[in-house]
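Peer 1: With the sequence up front, the predicted model follows.
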Amino acid sequence: MRSDTVKKGIERTPHRALLYATGIPKSQMNKPFIGVATSFTDIIPGHISMGELERFIEKGIHTRGGYPFFFGIPGICDGIAMGHKGMKYSLPSRELIADIIECIVEAHQFDGIVLLTNCDKITPGMLMAAARLDIPAIVLTAGPMLGGFYKGQRRNLTSDTFEAVGKFKKGLLTQEDLEGLEMCACPTAGSCQGMYTANTMACVTEALGMSLPGVAATPAVMSEKRRLAFETGFKIVELIKNKVNARKILTKEAFYNAITVDMALGGSTNTVLHIKAIANEAGVELPLEVFDEISRKTPHIVNIIPSGEHYMEDLYRAGGIPAVLKRLKDKLYSNPTVSGMDIKEIAKKAEIFDENVIRSLKNAYHKEGGIAVLKGNLAPDGAIVKQTAVSEKMLKFEGIARCFDSEEDAMKAILEGKIQKGDVIIIRYEGPAGGPGMREMLSPTSAITGMGLNEAVALITDGRFSGGTRGPCIGHVSPEAAKGGPIAAVKNGDKILIDIPKRKLELKITKEELNKRIKSLKPPKDKIKGGYLSKYRKMVSSADKGAIME
């Protein structure tokens, strides 16, 4: 075992002394040492239930004959970090999480690892570490939140708080209702109720084969989640004994399966960044174009908020990800999973309990999947849009550029009513290096929707969007403004063409004029002095590469 490195031999006498200081009985020293990376914290609703799940993971590990060692991993709540300086730290935290797990696992030579996670950057960061370390690994996502209720209607975070700000500014909500909604929108532990980034990544993790069947959609407050935690702890010991390392599961076929499920779900655009980053760690080449190719041939069959009316709890009751796999079985590649079953075997055994929540391929919500990759002179290396969250009338749109060099400036203009129908809001210098940190733009997109402009205004940014965003919002524009990308050369009053069906994003000026503008660009002022973000900015790649550290 790997752990023999720290516990076997005369020269390891001091190492054993330190291990005994932790309280481990001598009788347990020959068992597999298993690291349990937990992102339990009091500040993230999706993580506050993890203390209990830790107990059940521990029981499972002991029952199957392993010995667990728990260690903490930092987490950021994107919702709380949204709309201010804090969001600059969210995406960069993904790299820290992967690095921390690598450090702890290698320093202590664990035989395998359980990854207890839930929210946006934490799940991909942990998967990146699993792929990098290539030891037996299994993931437990803590589960989604249940919907809230206010005045007889089911409520959720995005529609009823972020979008409520715009409605209140428009005079469509009273102060009493605004306060009522903020009290009930998030009623339980769990990741936010829709197909936002946290839940999309949980579904992607299960589709990759890195978590047990049913884990992704099972709500955080269900007793079933505790049983899954026990089985996760039990299973990691089997993975170690059978020498099933992470890269035996994280194959090219696994990534294609995960992207297929992602497209069928209409998931968050952030998954493009994360899936590419995980694949990079696994040594799997995954060009940006693959996402678009798979999306074009994968119908959108599950329509969960923000684009649809269903909630994650509805997907759970309809059969969860195994039921989605059943619908997609003919589009999936055979591939092993941590359960010991092939992904196609899971699909075959699954049952579908609600034909409307998980529709047939012939009765899909949309003929194509959730994400489209756009290219053109405004985004030569690509841009991303969640096409299933765009109304049919806005799939092709030509408008007038309104340029802002920060999210704050754009948000101020939106709330002051300075954005008009036909405008294309440009938010730049918010990319991976330019932000730095590639902030999510949920506050401005939600304000636009709340003010009733999501079918009259488009937004384009070199930053990114929350999974809660809906409407013609195009992100990940590459190259970014800070690297001299064409988005930096857009001027107020320029005409911009968005054509999602034809995958075009065009600035309507001549090639000569665009080149002239790019040559005359002046480097932006340095926004960050010192600290982690300064290091991150120097090393981070562009969005089309997954914003990985190079």
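Peer 2: Done, it's in. The structure presented is a predicted model; accordingly, all values stated were derived computationally and were not measured.
Peer 1: dump the residue contacts of the residue nearest to the spatial centre of the chain.
Peer 2: Taking C-alpha atoms, centre = their mean, the centroid of the chain lies closest to Thr197, which sits 3.6 Å from it. With contacts defined as C-beta atoms under 8 Å, 6 or more residues apart in numbering, the neighbours of Thr197 are Asp78, Cys119, Asp120, Ser268, Asn270, Thr271, Ser466, Gly467. Glycine gets a C-beta too; all of them are placed from N, C-alpha and C.
Peer 1: With Ser93 as the reference, measure out to the second one.
Peer 2: This points to Cys119. 10 Å (C-beta to C-beta, to the nearest Å).
Peer 1: These two: who's more crowded?
Peer 2: Shown here are Cys119 and Ser93; by other C-beta atoms under 10 Å, Cys119 has more neighbours (29 against 23).
Peer 1: Report the buried members of the contacts of Thr197.
Peer 2: Asp78, Cys119, Asp120, Ser268, Asn270, Thr271, Ser466, Gly467 (16 or more other C-beta atoms under 10 Å).
Peer 1: Gly369 contacts His300, correct?
Peer 2: Yes - when contacts are counted by C-beta atoms under 8 Å, Gly369 is listed as touching His300 (5.6 Å).
Peer 1: what touches both of the two?
Peer 2: Shared contacts of Gly369 and His300, counting by C-beta under 8 Å, 6+ apart, come down to Met263, Ala264, Gly266, Thr388.
Peer 1: Pick out the most distant pair among the residues you listed.
Peer 2: Within the shared contacts of Gly369 and His300, two members stand farthest from each other by C-beta to C-beta: Ala264 and Thr388, at 10.1 Å.
Peer 1: Who has more neighbours out of those two?
Peer 2: The neighbour count for Ala264 versus Thr388, taken as other C-beta under 10 Å, is higher for Ala264 (29 against 24).
Peer 1: and the more buried one, what pLDDT?
Peer 2: If you check Ala264, the pLDDT there is 98.
Peer 1: hang on, it in a strand?
Peer 2: No - Ala264 sits outside any strand when classified using DSSP: H, G, I helix; E, B strand; the rest coil, being helix.
Peer 1: for Phe404, which residues make a bridge with it?
Peer 2: Note on Phe404: beta-bridge partners by DSSP bridges are Ile427.
Peer 1: Would you agree it is in contact with Glu430?
Peer 2: No - Phe404 is beyond contact range of Glu430, at 9.3 Å (criterion: C-beta under 8 Å).
Peer 1: Between those two, point out the one with more neighbours.
Peer 2: Ranked by neighbour count (other C-beta under 10 Å), Phe404 and Glu430 place Glu430 first, with 29 against 21.
Peer 1: Can you check which residues contact both of Cys119 and Ser93?
Peer 2: Gly75, Ile76.
Peer 1: In contact with Val290, which residues are there?
Peer 2: So, once contact is read as C-beta under 8 Å, 6+ apart, Val290 ends up touching Tyr256, Ile259.
Peer 1: Which of the three states applies to it?
Peer 2: helix.
Peer 1: Find the nearest non-adjacent residue to Pro524, please.
Peer 2: Tyr429 (5.6 Å; C-beta to C-beta, 6 or more residues apart in numbering).
Peer 1: how many other residues sit next to the one you found?
Peer 2: A count of nearby residues for Tyr429, using other C-beta under 10 Å, gives 23.
Peer 1: Just the helices from the stretch 51-200 of the chain, written as ranges.
Peer 2: Using DSSP state H, counting those that start in this stretch, the helices assigned to the stretch 51-200 of the chain run over residues 78-81, 90-108, 122-133, 157, 163-169, 175-184, 197-208.
Peer 1: Pull the first one out as PDB, backbone CA atoms only.
Peer 2: Only the C-alpha atoms of helix 78-81 are listed here, as PDB (Å, rounded to 0.1, in the frame of the first residue of the first chain):
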ATOM      1  CA  ASP A  78     -20.600  32.100  -5.100                       C
ATOM      2  CA  GLY A  79     -23.900  33.600  -4.200                       C
ATOM      3  CA  ILE A  80     -22.500  35.500  -1.200                       C
ATOM      4  CA  ALA A  81     -19.400  36.500  -3.200                       C
END
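Peer 1: Could I get the average pLDDT for it?
Peer 2: In the prediction, helix 78-81 has an average pLDDT of 93.
Peer 1: try the fifth one
Peer 2: For helix 163-169, the per-residue pLDDT values average out at 88.
Peer 1: Surely Leu96 is in contact with Gly75?
Peer 2: No - at 10.7 Å, Leu96 does not count as touching Gly75 under the criterion of C-beta under 8 Å.
Peer 1: between the two, who's got more neighbours?
Peer 2: Applying other C-beta under 10 Å to Leu96 and Gly75 shows that Gly75 carries more neighbours, namely 23 against 17.
Peer 1: ok, the closest residue to the more buried one other than its chain neighbours - contacts?
Peer 2: Using C-beta to C-beta, 6+ apart and skipping residues adjacent in sequence, the residue nearest Gly75 is Ser39, 4.3 Å away. The neighbourhood of Ser39, defined by C-beta under 8 Å, 6+ apart, consists of 47, 50, 72-75, 97, 116-119, 122, 126.
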